[in-house]
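In: Sequence first, then the predicted structure:
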Amino acid sequence: MAVDTLQLSPENLDEGYELQWPEAGIRLNTQNLSRVYAKEKSRLGAGTIECDFTDSPNSFSVIWIPEYFNQKAYNLVTEAYASNLLSDMKLRAVRDADCIKLNICPCCRVRRERIRNDTANHPVSIILQGLTGTEIIPEFRIASDHVDMLCAWLIREIRIWQGEVTCVGDHHVLRVDVAMIHTIQICKMMKRGVECSVLRCYHSLGGVIFEMSIACAKHSNLWHEICAAAEFGYHTCGGDSSQMGNED
């Protein structure tokens, strides 16, 4: 998930390891920060700072928007915090050794290929496409031991390509590899005093890929129907259970 912001001023509220950027909806726990890298050019064309955490490379990045890029300020940041200035190819090679290798069974491997070849009909793709162009504001959350991002925005556009679904807003982007989704959970939950429909997507190791909530309980019923009708092996577990999973 990415946030486009003109200001990024971290706050260290408890003088511990946690940094917060309230204006961007980001909390960062630096306790398990292992390395900080600098790249002179990102895909946008300007400088970038990339952070690796223990067992989680490439987990947090600050990418400058070219028209607002200040080379002198970038140099000061990289000199103070970055351990290496690497090319994109060299950085990928360094990180490859740190990536967790998933031992995927043959059934899941075949299923992932089916999803990549028919991404538009994946239930999460259908659910997100149904929100495009509406006035419904979904709230997205991506949380791990080191990064917690909570952002809400109108989805202006959905882009689909070989397993990836990208939700584009005015100042936000969420990119999801739906072929990595092993289990979907749908439930109703009270959040800040409002009953919400909540959708959580998990990978095969049991971790949450992302969570989406909408301030209206009725959406959960529709999402159940979409998942039940999908042809990718998702099914309702335990009768009226709110757990949706895939059958290996």
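Out: Done, it's in.

In: just the helices in the chain please.
Out: 71-81, 88-96, 106-117, 123-131, 219-229 (DSSP state H).

In: Could you tell me the least trusted of the ones you listed?
Out: Of all the helices of the chain, mean pLDDT reaches its minimum on helix 88-96 (a mean of 70).

In: can you list the weak-confidence ranges in the chain?
Out: Applying pLDDT under 70 to the chain flags the ranges 12-15, 83-88, 94, 96-102, 233, 235-248.

In: tell me the residue furthest from the middle of it?
Out: The C-alpha centroid of the chain is most remote from K72, which lies 30.9 Å away (CA atoms, centre = their mean).

In: Skip the chain neighbours and tell me the closest residue to N70.
Out: Counting by CB to CB, 6 or more residues apart in numbering, N70 lies nearest to W64, which is 7.9 Å off, once chain neighbours are set aside. Quick note: C-beta positions are derived from backbone N, CA and C, even for glycine.

In: Look at the one you found and say how many residues are nearby.
Out: When neighbours are defined as other CB atoms under 10 Å, W64 has 21 of them.

In: quick thing: my sequence starts at 696, can you match it?
Out: Noted, 696 is the first residue going forward, which turns the last one into W759.

In: how close does it get to E706?
Out: W759 sits 21 Å away from E706, going by CB to CB, to the nearest Å.

In: do the same with R738
Out: Relative to E706, and taking CB to CB, R738 is found at 29 Å.

In: Kindly report the same for E890.
Out: In this structure, E890 and E706 are 31 Å apart, going by CB to CB.

In: next one: C803
Out: C803 sits 42 Å away from E706, going by CB to CB.

In: picking that back up, was I right about the residue nearest to N765 contacting T743?
Out: Yes. If you go by CB atoms under 8 Å, W759 and T743 touch, sitting 6.7 Å apart.

In: Please enumerate the shared neighbours of these two.
Out: Residues touching both W759 and T743 (CB atoms under 8 Å, 6 or more residues apart in numbering): S737.

In: my guess is L823 contacts C862, does it?
Out: Yes. Counting by CB under 8 Å, L823 touches C862, with 5.7 Å between them.

In: quick one: contacts for R836?
Out: Residues near R836 by CB under 8 Å, 6+ apart: 843-846, 905-908.

In: quick one: it from C891, how far?
Out: Between R836 and C891 the computed distance is 12 Å (CB to CB).

In: Name whatever forms a beta bridge with the residue nearest to S754 when sequence neighbours are not counted.
Out: In this structure, S754 finds its nearest non-sequential neighbour in F748, 5.1 Å apart by CB to CB, 6+ apart. Applying DSSP bridges to F748 gives these bridge partners: L728, S751.

In: Surely F748 touches V731?
Out: No. Contact between F748 and V731 fails when scored by CB under 8 Å: they sit 10.4 Å apart.

In: Looking at these two, which is more packed in?
Out: Between F748 and V731, F748 has the larger neighbour count (other CB under 10 Å), namely 22 against 18.

In: circling back: settle it for me: which of R738 and E706 has more neighbours?
Out: Applying other CB under 10 Å to R738 and E706 shows that E706 carries more neighbours, namely 12 against 8.

In: and M885, what does it touch?
Out: C891.

In: Fine, thanks again, bye for now.
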